[in-house]
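>>> Output the structure for:
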Amino acid sequence: MELHRQQCQKCNSYNMRNLLVRVPSKPQAVFVRCAECNEFVARYKLSDYYHHGKGAESYMRSHGSGAADSGRRILKEFSKVVGDAEKEFAEVMEQFKKEGKAE
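Next up is the predicted model:
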């Protein structure tokens, strides 16, 4: 695993803001802006977005799930995503601590 903290190339700040963009039928994108100098820092396109604490409805909306999809299947998938995301986040934070990069 390789860990990286996003840094502004203009002012060297680690203080970032993520701007999520949803356009129907296109992958979601995150634009990263420096919170100190407002410089554009990066863009990511997402294939599997999960926002912790937002619930299943937000998850379904971000993945384009519709009324024709099975609610049981979507909730099962959502529960797995929540568990996986929490586990991965804990692993990433542990790795940041080991490397002395935790805030």
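
>>> can we go C-alpha only for contacts and neighbour counts from here?
Will do.

>>> Give the residue spans of this protein that score low on pLDDT.
Applying pLDDT under 70 to the chain flags the ranges 65-68, 102-103.

>>> now the strands for the protein?
Taking DSSP state E as the test, the strands found in the chain are 16-21, 28-34, 40-46.

>>> Reformat these as a markdown table; add mean neighbour count.
Formatted as a markdown table, the strands of the chain follow (neighbours: other C-alpha atoms under 10 Å):
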| stretch | mean neighbour count |
| --- | --- |
| strand 16-21 | 15 |
| strand 28-34 | 19 |
| strand 40-46 | 14 |
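
>>> what's the nearest residue to residue 31 if we skip its chain neighbours?
Taking C-alpha to C-alpha, 6 or more residues apart in numbering, and ignoring the residues beside it in sequence, residue 31 has residue 43 as its nearest neighbour in space, at 4.5 Å.

>>> Surely that neighbour and residue 33 touch.
No: with contact defined as C-alpha atoms under 8 Å, residue 43 does not reach residue 33; the gap is 9.2 Å.

>>> do you know which of the strands of the chain lies nearest residue 2?
When those are compared by C-alpha to C-alpha, strand 40-46 sits nearest residue 2, at 17.2 Å.

>>> what's next to that closest one, contact-wise?
For strand 40-46, contacts defined as C-alpha atoms under 8 Å, 6 or more residues apart in numbering pick out 7, 8, 9, 27, 28, 29, 30, 31, 32, 33, 34.

>>> so which of those would you say is closest to residue 95?
Closest approach between the contacts of strand 40-46 and residue 95, by C-alpha to C-alpha: residue 7, at 18.3 Å.

>>> Relative to residue 16, how far out is the closest one?
To residue 16, residue 7 is 8 Å away according to C-alpha to C-alpha, to the nearest Å.

>>> And residue 70, by the same measure?
In this view, residue 70 and residue 16 are 37 Å apart by C-alpha to C-alpha.

>>> And residue 10, by the same measure?
13 Å.

>>> nearest residue to residue 92 other than its sequence neighbours?
Excluding its sequence neighbours, the residue lying closest to residue 92 (C-alpha to C-alpha, 6+ apart) is residue 3, at 7.7 Å.
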